[in-house]
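J.: From the sequence below, what's the structure:
(one chain, ligands or ions: 3)
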Amino acid sequence: MSSFNDASSNGGSNPSSTKGKIITCKAAVVRGPKQPFVIEQIQVHPPQKMEVRIKILYTSICHSDLSCWIAENEAQRVYPRIFGHEAAGIVESVGEGVTDMKEGDHVVPIFNGECGDCSYCKSTKTNLCEKNRVNPYKSVMLNDGKTRFSTLDGKPIYHFLNTSTFTEYTVLDSANVVKVDSEASLKKMSLLSCGVSTGVGAAWNTANVQAGSTVAVFGLGAVGLAVAEGSRSRGASRIIGVDINNEKFIKGQAVGVTDFINPMDLKQPVHEKISEITGGGVDYSFECAGNLDVLREAFLSAHDGWGLTVVLGIHTSPTTLPLHPMELFNGRSIVGSTFGDFKGKSQLPHFAQQCMNGVVNLDGFITHELPFSEINEAFQLLIDGKSLRCLLQL
Ligand SMILES: NC(=O)c1ccc[n+]([C@@H]2O[C@H](COP(=O)([O-])OP(=O)(O)OC[C@H]3O[C@@H](n4cnc5c(N)ncnc54)[C@H](O)[C@@H]3O)[C@@H](O)[C@H]2O)c1
Ligand SMILES: [Zn+2]
Ligand SMILES: [Zn+2]
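T.: Numbers count the residues shown, from 1 in each chain. Ligands and ions are numbered 1, 2, ... in the order given. I've put the predicted structure just below:
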């Protein structure tokens, strides 16, 4: 197999010896807003009914981890806690009732789960599950309201975003775990756990970008660049990348960005510039920076009459949309996208196959690799705008 397969080197645990038992392992634990990640020994309890315990082999850092670590939103402050949601690993053991996965399967966690049974999962109109959807306020397991992590002296350590991947072992609801082809590179599969699926899915599923159309992407991190890659793969004729960091422009070229705008270099608002160069605005604009001013610029960059703005950035402050309702009568529309509107469990395996077949090019998204012990340095790389995804090897 090609370089797409890197899994053979890492068998992970010996499940038969750990199944049903508490595992003591290393995790990066945070004890307060913006407090450093401390690698310490923790206990990971066995999976309960419809839960899965997985050995994390690779995890990386998404801007949503950064926002929740900063914890501007007080309601999200729960400690001690294990962050992390973008990862790939191997099933160590499954709880009662889990039939779609077994020990040794290669898997990726999904923060926006799919139980398959609820009215939401059965609807084609949403990828949100009634119980296992993304929820930044949730910090315990659904089954019993307890944690599966504890300190060595038995105190609870809380979960994050249905996943918690900054640990050698984690426990998730099976609805939040997707089995992937064992031939696929687990390093690359970790990208599908959040950033790349979110961005590509926003272009394919949420916006349904058409061949020949024009696109503007605001914020060229992994999510924004994945939007560009998704738009390129759909045959967009022009992809305008907007970022305040010029270094991101080089990355953008590789995923089909045709024009770059650094708002700091302009004397006019970005939307005026985009309107000038496109003859009235783009067909689709995407906000991937998590900034309300940027969101307004993205909205006004969409073409009068039909332009669509997709909101991907997470806004942690309690501020509301910067739009006057009458502005919606100009024919522009705006929609949010969670996990690129992919239904994780039913659609990700096919998406993974498409990535392996080269429909989407995953090269270039992993810009750095570090050992797990250097997690604080990895966070700093994202804060400094130097990395897209820094893969931590556990
Ligand atoms: N909706 C979802 O399901 C979902 C999933 C993953 C991430 N997110 C969110 O998407 C956003 C992007 O995530 P990421 O991991 O790619 O982050 P990132 O930090 O890698 O990228 C953000 C980019 O925005 C740029 N930026 C910042 N301020 C800007 C401004 N004023 N104008 C233009 N560009 C600006 C930065 O330079 C950076 O390149 C975050 O808000 C994250 O929380 C949402
Ligand atoms: Zn994420
Ligand atoms: Zn459901």
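
J.: For Asn357, give its distance to Asp181.
T.: From Asn357 over to Asp181 the distance is 11 Å, taken as CB to CB, to the nearest Å. All C-beta spots, glycine's among them, are computed from the backbone N, C-alpha and C.

J.: Could you do Ala352 as well?
T.: For Ala352, the distance to Asp181 - CB to CB - is 6 Å.

J.: One more: Glu377?
T.: Glu377 is 32 Å from Asp181, by CB to CB.

J.: quick one: which of Ala352 and Asp181 has more around it?
T.: The residue with more neighbours, out of Ala352 and Asp181, is Ala352; 22 against 15, by other CB atoms under 10 Å.

J.: My read is that Gly195 contacts Val223, right?
T.: Yes: using CB atoms under 8 Å, Gly195 is in contact with Val223, at 5.3 Å.

J.: More neighbours: those two, which one.
T.: Val223 (30 against 27).

J.: got the CA positions of the helix or strand containing the more buried one in CSV?
T.: If you go by DSSP states H and E, Val223 is part of helix 222-233. Output of helix 222-233 as CSV, limited to C-alpha atoms (Å, rounded to 0.1, in the frame of the first residue of the first chain):
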residue,chain,number,x,y,z
ALA,A,222,-7.3,23.9,8.6
VAL,A,223,-11.1,24.4,8.5
GLY,A,224,-10.9,27.3,5.9
LEU,A,225,-8.4,25.5,3.8
ALA,A,226,-10.5,22.4,3.8
VAL,A,227,-13.4,24.5,2.5
ALA,A,228,-11.1,25.7,-0.3
GLU,A,229,-10.1,22.1,-1.0
GLY,A,230,-13.8,21.0,-1.1
SER,A,231,-14.7,23.9,-3.4
ARG,A,232,-11.7,23.1,-5.7
SER,A,233,-12.8,19.5,-5.9
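
J.: immediately after that helix, which helix or strand?
T.: Helix 222-233 is succeeded, C-terminally, by strand 238-242 (DSSP H and E).

J.: Just the angle for that next one relative to helix 222-233, thanks.
T.: Between strand 238-242 and helix 222-233, the angle comes out at 170 degrees (axes from the mean of the first three to the mean of the last three CA atoms, to 10 degrees).

J.: just how off-centre is strand 238-242 within its chain?
T.: On the basis of CA atoms, centre = their mean, to the nearest Å, strand 238-242 sits 21 Å off its chain's mean C-alpha point.

J.: quick one: contacts of it?
T.: With CB atoms under 8 Å, 6 or more residues apart in numbering as the test, strand 238-242 has contacts from 214-220, 224, 228, 231-232, 248-249, 252, 256-263, 270, 274, 277-278, 282, 294, 297.

J.: and it, which strands flank it?
T.: strand 214-218 (parallel), strand 259-261 (parallel) (DSSP bridges).

J.: Now find how far off-centre the longest one is within its chain.
T.: I take that to be strand 214-218. Counting by CA atoms, centre = their mean, strand 214-218 comes out at 20 Å from the chain centroid.

J.: for the record, mean pLDDT for it?
T.: The average pLDDT within strand 214-218 is 98.

J.: Can you name the residues in contact with it?
T.: 203, 209, 224-225, 227-228, 231, 236-243, 257, 270, 274, 278, 282-289, 294-295, 297-298, 301-303.

J.: Now a PyMOL select for only the buried ones of these.
T.: The buried subset of the contacts of strand 214-218, as determined by 16 or more other CB atoms under 10 Å, is captured in PyMOL by this line:
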select buried, resi 203+209+224+225+227+228+231+236+238+239+240+241+242+243+257+270+274+278+282+283+284+285+286+287+288+289+294+295+297+298+301+302+303
